[in-house]
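K.L.:
Just need the structure, nothing else, for what follows:
(one chain, ligands or ions: 1)
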Amino acid sequence: MKILVLNGPNLNFLGIREPEHYGKETYEDLCSMIRRHAEEIGAEVSIYQSNHEGALVDAIQEAYGKVDGIVINPAAYTHTSVALLDALKSVSIPAVEVHISRVESREAFRQVSYVRGACMATITGKGFQGYLEAMDLLMKQGRRQA
Ligand code: DQA
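P.N.:
Modelled structure (predicted):
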């Protein structure tokens, strides 16, 4: 099972940006947790972060035919990007949307998610743990399809 973890803008600043929402652990800490978990569950994982919408679209397109599941935290692009929604729909790879913070309890503009329409599940407010749960969901889905 090959899983791609995608992170959108400003998530490379985890540990620095708004710790009251995103905690004190860094992006590197997140990547280590994801890699450790992948080993535990027997998944092959690649992790990519970009501050650019088009680069994230490219990463989704490049996953076509190569990746079995996508974990995506589109960050601010969650609330604006039809391009990411269309990219996920284009490749038809099972995807799970993750948010570190509980977006539904924050500003009104964070209540809209475009990518949600192309995701099998959404996990919010569980911190970094949400990424691991998303990987577990994709593994379960993969087993169901095998
Ligand atoms: C976020 C929530 C978004 O609203 C915000 O723009 C982010 C991070 C989260 O992980 O909680 O950058 O996706």
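
K.L.:
helix/strand/coil for the residue positioned nearest the centre of the chain?
P.N.:
For the chain, the residue nearest the mean C-alpha position is Ile72 (1.9 Å; Cα atoms, centre = their mean). Under the three-state scheme (DSSP: H, G, I helix; E, B strand; the rest coil), Ile72 adopts strand.

K.L.:
Would you confirm that it contacts His99?
P.N.:
No. At 10.1 Å, Ile72 and His99 do not qualify as touching, with contact defined as Cβ atoms under 8 Å. Any C-beta I mention is one placed from the backbone N, CA and C, and that applies to glycine too.

K.L.:
residues making contact with stretch 32-49?
P.N.:
1-8, 11-12, 27, 31, 59, 67, 128, 131-132, 135-136, 138-139 (Cβ atoms under 8 Å, 6 or more residues apart in numbering).

K.L.:
how about the helices in this structure?
P.N.:
Counting by DSSP state H, the chain has these helices, from start to end: 19-22, 27-41, 53-63, 82-91, 129-145.

K.L.:
list the contacts for the closest residue to Ser101 other than its chain neighbours?
P.N.:
Closest residue to Ser101 in three dimensions, ignoring its sequence neighbours and counting by Cβ to Cβ, 6 or more residues apart in numbering: His21, at 4.5 Å. Residues near His21 by Cβ under 8 Å, 6+ apart: 100-101, 106.

K.L.:
Need the residues that contact stretch 110-127.
P.N.:
23, 72, 74, 77-82, 84-85, 88-89, 94-105, 130, 133-134, 137, 141.

K.L.:
is any part of that stretch close to the ligand?
P.N.:
Yes. For stretch 110-127, a contact with the ligand is found by Cβ under 6 Å from any ligand atom, at Arg110.

K.L.:
Just the buried ones out of the contacts of stretch 110-127, please.
P.N.:
23, 72, 74, 77-79, 81, 84-85, 88, 94-101, 103, 130, 133-134, 137, 141 (16 or more other Cβ atoms under 10 Å).

K.L.:
rewinding a little: what subset of the contacts of stretch 110-127 is also close to the ligand?
P.N.:
Near the ligand, by the rule Cβ under 6 Å from any ligand atom, you find 78, 99-101, 103 out of these.
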